[in-house]
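Participant: 3D, please:
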Amino acid sequence: MRIPIADIRLRAFLALLVPAIVGHAIQLLGEDEPWTLRASERASITPGWHLALPPVVPLLLALALGLAVLVLAVRPGRGPFLAVAALYAAHYLTYPWRIRNHMTTMLAGLVVVALVMLVARSGGALVPGRSLARRVDAMAVRGLGLVIAVQYFFAGLHKLNPGFLD
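Facilitator: Numbers count the residues shown, from 1 in each chain. As a prediction, the model looks like this:
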C-alpha cells in the first residue's frame, strides 16, 4: 500500500533532498579531496572509529545514499524517504572527514521526519485517507521547524561570542 505525502511542505522537503545531497557531494569532492588522503592523514583531520573501517565502506554508503536519493526523486514516498534517512545516518556515522553543521542539521531533520513516520505507522495512523496522512505530515513538518529553530538559536548564540568577527 502506497501512502501519499499529503502535506505540500513535506513534499518540498523531500524534493529539496536531491539538490542538498548533490551539494554535499560537490562540497566533499571540492574541499575534502578524498582521493588524496591516506588513513593516517584522515586521522590527523578527524580522528574517530570510522578509521577502523575499510575506506570502501564510506564510499559504498555514499553511493547507496546517492542512489536512494535518486529513487526518492523519481518515486517520492515514505518507503524511499525512510531508506534515505537510514542511509544518511550510516553515511554521517562513517564520514571520514570533519562533520559540518549542515550535516548535523540534515541528520536531525531526517531523523525527526522518519521517527514521526515510523511511530505513526506502528500506531496504525497511516491508513488510506488523506486526513490522517495530512495530520502525520503536519507533525513531521512541525518537527522540521523545531530542528531549524534550535539550529538558528545556537547559531545566534554563537554570534554573541566576542571573537566571532575576528
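Participant: now do the buried residues in the helix of greatest length in the chain.
Facilitator: The longest helix of the chain (DSSP state H) is helix 130-159. For helix 130-159, the neighbour count (16 or more other C-beta atoms under 10 Å) marks 132-133, 136-137, 139-141, 143-144, 147, 151 as buried. (C-beta placed from N, C-alpha, C; glycine too.)
Participant: next one: stretch 56-63
Facilitator: By neighbour count on 16+ other C-beta under 10 Å, the buried set for stretch 56-63 is 58, 61-62.
Participant: so what's the gap between that stretch and the chain middle?
Facilitator: Relative to its chain's centre, stretch 56-63 lies at 16 Å (C-alpha atoms, centre = their mean, to the nearest Å).
Participant: put the alpha carbons of it into PDB.
Facilitator: C-alpha atoms of stretch 56-63 as PDB (Å, rounded to 0.1, in the frame of the first residue of the first chain):
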ATOM      1  CA  VAL A  56      35.400   1.300   0.700                       C
ATOM      2  CA  VAL A  57      32.700   1.300   3.300                       C
ATOM      3  CA  PRO A  58      32.100   5.100   3.400                       C
ATOM      4  CA  LEU A  59      32.300   5.100  -0.400                       C
ATOM      5  CA  LEU A  60      29.700   2.400  -0.800                       C
ATOM      6  CA  LEU A  61      27.400   4.000   1.800                       C
ATOM      7  CA  ALA A  62      27.700   7.400  -0.100                       C
ATOM      8  CA  LEU A  63      26.900   5.700  -3.400                       C
END
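Participant: tell me which helix or strand of the chain sits lowest on mean pLDDT?
Facilitator: Ranked by mean pLDDT, DSSP states H and E, the weakest helix or strand in the chain is helix 39-45, scoring a mean of 56.
Participant: now do the contacts for the nearest residue to residue 83 once chain neighbours are set aside.
Facilitator: Once flanking residues are discounted, residue 83 sits nearest to residue 68: 4.7 Å by C-beta to C-beta, 6 or more residues apart in numbering. By C-beta atoms under 8 Å, 6 or more residues apart in numbering, the contact list for residue 68 reads 80, 83-84, 87.
Participant: out of the residues you listed, name the ones that lie in helices.
Facilitator: 80, 83-84, 87.
Participant: and those as JSON lines, adding neighbour count, distance to residue 98 and pLDDT?
Facilitator: Converted to JSON lines, the ones in helices among the contacts of residue 68 look like this (neighbours: other C-beta atoms under 10 Å; distance: C-beta to C-beta, whole Å; pLDDT from 0 to 100):
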{"residue": "80", "neighbour count": "19", "distance to residue 98": "29", "pLDDT": "86"}
{"residue": "83", "neighbour count": "18", "distance to residue 98": "26", "pLDDT": "92"}
{"residue": "84", "neighbour count": "28", "distance to residue 98": "22", "pLDDT": "91"}
{"residue": "87", "neighbour count": "20", "distance to residue 98": "20", "pLDDT": "94"}
